[in-house]
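>>> this is a predicted model, with the sequence first.
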Amino acid sequence: VQLQASGGGLVQPGGSLRLSCAAPGITMKNYGFGWFRQAPGKAREGVSCIDTNGDSTYYKDSVKGRFTISRDNAKNTVYLQMNSLQPEDTAVYYCATVSVGSCNRHDTGYWGQGTQVTVSS
């Protein structure tokens with residue numbers, strides 16, 4: 001099973017993007033989901049995670065107030081709305097299934113292929 005991440009691109013500082021993660025082939029409501037990112041030369045890190053029904057979310061400190069994670073189980077899709085993007089948000093963004101209550105890359109299962117987000121003027 002491979003998740004399908006999309007929505008990345010090039011955006012100016014202060015701009016917005018919405019990432020989507022489709023999860024064909026799995027019963028989405030059974031899984032927590034997370035968005036992770038990896039910048040060149042850096043370790044992959046958890047950005048935001050959401051539990052099975054959306055009641056509980058986690059955000060990395062640096063994205064709080066700017067990013068919003070959500071899910072639509074009926075559409076088998078998880079979203080990451082990213083506002084007020086900054087150059088330091090530049091990375092490849094991945095979606096993954098994650099153990100409920102965790103946003104650690106070591107607690108993940110299925111992964112998507114990644115989508116590039118570049119924030120530059």
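Thanks, I have it.

>>> can you list the buried residues in the helix or strand of the chain with the lowest mean pLDDT?
When the helices and strands of the chain are scored by mean pLDDT, DSSP states H and E, strand 108-111 comes last with a mean of 92. Neighbour-count burial for strand 108-111, counted by 16 or more other C-beta atoms under 10 Å, picks out 108, 110-111. Where you see a C-beta, it was placed from the backbone N, CA and C, and this is true even at glycine.

>>> give me the most central residue, this structure.
Nearest residue to the geometric centre of the chain (C-alpha atoms, centre = their mean): residue 35, 2.3 Å.

>>> now whichever strand or helix holds that one: average pLDDT?
For residue 35, the host element (DSSP states H and E) is strand 32-38. What strand 32-38 shows for mean pLDDT is 97.

>>> could you name the helices and strands sitting against that strand?
Counting contacts by 3 or more C-beta pairs under 8 Å, 6 or more residues apart in numbering; DSSP states H and E, strand 32-38 packs against strand 17-22, strand 45-50, strand 67-72, strand 77-82, strand 91-98.

>>> list the buried ones in it?
By neighbour count on 16+ other C-beta under 10 Å, the buried set for strand 32-38 is 32-37.

>>> again, but for stretch 76-90
Using 16+ other C-beta under 10 Å as the test for burial, stretch 76-90 gives 76-80, 82, 85, 89-90.

>>> nearest to residue 12, of these?
Nearest to residue 12 out of the buried residues of stretch 76-90 is residue 85 (C-beta to C-beta; 8.1 Å).

>>> okay if I get the buried residues of strand 32-38 as JSON lines plus distance to residue 26?
JSON lines is the format used below for those (distance: C-beta to C-beta, whole Å):
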{"residue": "32", "distance to residue 26": "12"}
{"residue": "33", "distance to residue 26": "10"}
{"residue": "34", "distance to residue 26": "15"}
{"residue": "35", "distance to residue 26": "17"}
{"residue": "36", "distance to residue 26": "18"}
{"residue": "37", "distance to residue 26": "22"}
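
>>> about what we covered before: what packs against the least confident helix or strand of the chain?
With contacts taken as 3+ C-beta pairs under 8 Å, 6+ apart, strand 108-111 sits against strand 91-98.
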